[in-house]
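Participant: any chance you could fold what I've pasted below:
(one chain, ligands or ions: 1)
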Amino acid sequence: MSGIDFVQTSEAALRDAELQGAMRAAMVRFRELQRPAQAEVSDWQALRAYAHGVKRHTLGALAHYLTQLESQVLAAGGRVHWARDGAEAAEIITGIARAAGRRVVKSKSMTTEEIHLNAALEGDGAQVTETDLGEYLIQLAGETPSHIIAPVVHKSTEAIADLLAAKLGVPRYSEPHELTAVARRVLRERFLEADVGITGVNFAVAETGTLVIVENEGNARLVTTLPRVHVALMGIEKVIPRLADLAVFLTLLPRAATGQRMSTYVSLLTGPRRPGERDGPEAQHLVIMDNGRSAIHADPVMGEALSCIRCGACLNVCPVFERTGGHAYGSVYSGPIGAVLTPLFRGVREAGALPFASSLCGACGEICPVKIDLPGLLLELRARVVASGGAPLRERLFIAGWTAAASRPGRFTAAGRVLRAALRLIGRRPAWLPFPLSKWVSTRDLPPPARGAFRDRWRR
Ligand code: SF4
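Facilitator: Here you go, the predicted model:
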């Protein structure tokens, strides 16, 4: 049924002891940092509600705000390109890179990961270097990110030391500051010789045409100022109406993402370098991409998913994500928001397993800084998977049997009698039960049968 076999990929992750240790340590650390950072904001819940309202309002007038954004970027001296899908966005960006000189430095961007931009650029002869440390390591390893904001979270320090030694031919350093220094030496050279800098966009302010990039390492700032050309890629949902709204999102995003009061670098870019200014690019290009978002936007229930500001907080509290890591989701978007977005982008027939990769504990919905009802969206997707005939045959047979038994009191009572008798016969841990019941009893005892039906006991 599904192109993404989450059961299989998650089993592989569960057997990976290194991944288990790294994920557990990182997720616990994230949660320890987030709690106090959010607790010190007395009106945290009010800010979440406000941000939710801004996002809903903006999505309700998306065409208006995107048009306003385009006008303001043009007025500030930038250029705007519209891309219907990932292929068109990649074509536009490779064309810009080809004309500018093909040496490309990038700052971490999930949207460029979504469209496999590096492969498109390299296929066109460009030299592409990821400059955020985690993303650079992922590029060296030939992997994809396993977390929205911490792409290399699944790797231990030892694994990173092995990777740098193998790929760069440097000694096998073991201290994090030594490993960082190795990467910095390589990356500084790439920054200085780059022709084009490519980034994503955290927020695009319609009233001013300002592109906002939030980061901790300072690489995005170098990527957007050192090369002669800056290209920013954004999904249509990244627009916000006013600079004043930014204050709220900048209070929520760092606290939800990393437990920081404010990220180390927040860049507000309005147009390219102006006459008389000493730094900044000669040309700024903004690529505004749809790539399936209009269809999500038109969906009266699932459109809410476009409010996501990619903070990663829902991943950090998800018990499933903590055990499987991001690669098990078979998509650049992982965790609860990935389990929602991927079926919307790729269809429930290909990614219908993902909405079931959740315990529905509700933690993701409670932590989300823009109040996306993630459990509700996951449930809705589950219903759509079942309605499209995507549930496994044995599950459909079980539900059909349950419906037949539970919809008539007489049948329900008779089924209860049969089940109690069967439990008495087979005992607590029968080794001979066939699959899939054998899997259940291999780790659990069956419950002892009740002495009688609850309703009979209640009557007595
Ligand atoms: S769904 Fe909410 S918590 Fe998850 S990444 Fe998006 S904004 Fe953050």
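Participant: residues from this structure in reach of the ligand?
Facilitator: By the rule CB under 6 Å from any ligand atom, the part of the chain lying against the ligand is 148, 256, 308-314, 337, 367-370, 372, 374. Glycine gets a C-beta too; all of them are placed from N, C-alpha and C.
Participant: ranking those residues by neighbours, who comes first?
Facilitator: residue 313 (31 neighbours; other CB atoms under 10 Å).
Participant: ok, for that one, nearest residue in space, not its chain neighbours?
Facilitator: Nearest residue to residue 313 in three dimensions, chain neighbours excluded: residue 256, at 4.2 Å (CB to CB, 6 or more residues apart in numbering).
Participant: tell me the confidence at that neighbour?
Facilitator: In this model, residue 256 is scored at 96, pLDDT.
Participant: before we move on, the earlier item: of the residues of the chain next to the ligand, the lowest pLDDT goes to which?
Facilitator: The lowest pLDDT within the residues of the chain next to the ligand belongs to residue 148, with 90.
Participant: which SS class is that one?
Facilitator: Secondary structure, DSSP: H, G, I helix; E, B strand; the rest coil: residue 148 is coil.
Participant: give me every residue that touches it.
Facilitator: Applying CB atoms under 8 Å, 6 or more residues apart in numbering, we find residue 148 in contact with 110, 310, 311, 312, 315, 333, 334, 335, 337.
Participant: so which of those are in helices?
Facilitator: Among those, the members falling in helices (DSSP state H) are 110, 315, 335, 337.
Participant: just for the protein, where's the confidence low?
Facilitator: The model of the chain has pLDDT under 70 over residues 1-2.
Participant: which one is the most centrally placed residue in it nearest to, not counting chain neighbours?
Facilitator: Most central in the chain under CA atoms, centre = their mean is residue 333, positioned 3.5 Å from the mean C-alpha point. Spatial nearest neighbour of residue 333, chain neighbours left out: residue 341 (4.7 Å); criterion: CB to CB, 6+ apart.
Participant: ok, now residue 224?
Facilitator: Here the residue nearest residue 224, using CB to CB, 6+ apart, is residue 230, at 4.9 Å.
Participant: now do residue 335
Facilitator: Of all residues beyond its chain neighbours, the one nearest residue 335 is residue 315 (3.2 Å), with distances taken as CB to CB, 6+ apart.
Participant: which ones are touching residue 130?
Facilitator: Contacts for residue 130 (CB under 8 Å, 6+ apart) come out as 106, 108, 118, 136, 138, 139.
Participant: wait, the residue nearest to residue 335 sits on residue 323?
Facilitator: No - at 12.0 Å, residue 315 does not count as touching residue 323 under the criterion of CB atoms under 8 Å.
Participant: quick revisit: isn't the residue nearest to residue 224 right next to residue 200, touching?
Facilitator: No - using CB under 8 Å as the test, residue 230 is too far from residue 200 to be in contact (11.9 Å).
Participant: neighbour count: the two, which is higher?
Facilitator: Per other CB under 10 Å, whichever of residue 230 and residue 200 has more neighbours is residue 230, with 26 against 23.
Participant: give me the three-state assignment for the more buried one.
Facilitator: strand.
Participant: report the contact partners of it.
Facilitator: The neighbourhood of residue 230, defined by CB under 8 Å, 6+ apart, consists of 196, 197, 198, 199, 223, 224, 269, 272, 281, 283, 284, 285.
Participant: which strand residues bridge it?
Facilitator: Under DSSP bridges, the beta-bridge partners of residue 230 are residue 197, residue 284.
Participant: what separation is there between it and residue 129?
Facilitator: Distance, residue 230 to residue 129, by CB to CB, to the nearest Å: 15 Å.
Participant: and residue 174, by the same measure?
Facilitator: For residue 174, the distance to residue 129 (CB to CB) stands at 25 Å.
Participant: what about these two, which has more around it?
Facilitator: Higher neighbour count among residue 174 and residue 129: residue 129, with 20 against 11, using other CB under 10 Å.
Participant: and the helix or strand where that one lies, how far out from the chain's middle?
Facilitator: Using DSSP states H and E, residue 129 falls within strand 127-130. With CA atoms, centre = their mean, to the nearest Å as the basis, strand 127-130 stands 22 Å off its chain's centre.
Participant: with stretch 115-128 instead?
Facilitator: Averaging C-alpha positions (CA atoms, centre = their mean) puts stretch 115-128 22 Å from its chain's average.
Participant: buried ones in it?
Facilitator: Under the neighbour-count criterion of 16 or more other CB atoms under 10 Å, stretch 115-128 has 115, 117, 118, 120, 121, 124, 126, 127, 128 buried.
Participant: what's the closest of the residues you listed to residue 298?
Facilitator: Ranked by distance to residue 298 (CB to CB), the buried residues of stretch 115-128 are led by residue 115 at 21.0 Å.
Participant: can you tell me how far the closest one is from residue 233?
Facilitator: 8 Å.
Participant: show residues contacting stretch 265-277.
Facilitator: 73, 76-78, 208-218, 220-221, 224, 230, 232, 250, 279-284.
Participant: other residues contacting the host helix or strand of residue 158?
Facilitator: For residue 158, the host element (DSSP H and E) is helix 157-168. For helix 157-168, contacts defined as CB under 8 Å, 6+ apart pick out 18, 137, 140-141, 152, 155, 170-174, 176, 179, 182-183, 186.
Participant: could you rerun that using 10 Å?
Facilitator: For helix 157-168, contacts defined as CB atoms under 10 Å, 6 or more residues apart in numbering pick out 18-19, 22, 133-134, 136-143, 152, 155-156, 170-176, 178-180, 182-183, 185-186.
Participant: next, the buried residues of that helix.
Facilitator: Buried-residue list, helix 157-168, by 16+ other CB under 10 Å: 160, 161, 163, 164.
Participant: which member of those is positioned nearest the ligand?
Facilitator: Nearest to the ligand out of the buried residues of helix 157-168 is residue 160 (CB to the nearest ligand atom; 24.7 Å).
Participant: quick check: the residue of the stretch 1-150 of the chain nearest the ligand.
Facilitator: Closest point on the stretch 1-150 of the chain to the ligand, by CB to the nearest ligand atom, is residue 148, at 5.9 Å.
Participant: where does that residue fall, phi/psi-wise?
Facilitator: In this entry, residue 148 is assigned phi and psi values of phi -60, psi -40 (degrees, to the nearest 10).
Participant: residue 249 versus the closest residue to residue 57 other than its chain neighbours, what's the distance?
Facilitator: Excluding its sequence neighbours, the residue lying closest to residue 57 (CB to CB, 6+ apart) is residue 241, at 7.4 Å. Distance from residue 241 to residue 249, counting by CB to CB: 11 Å.
Participant: this completes my enquiry, with thanks.
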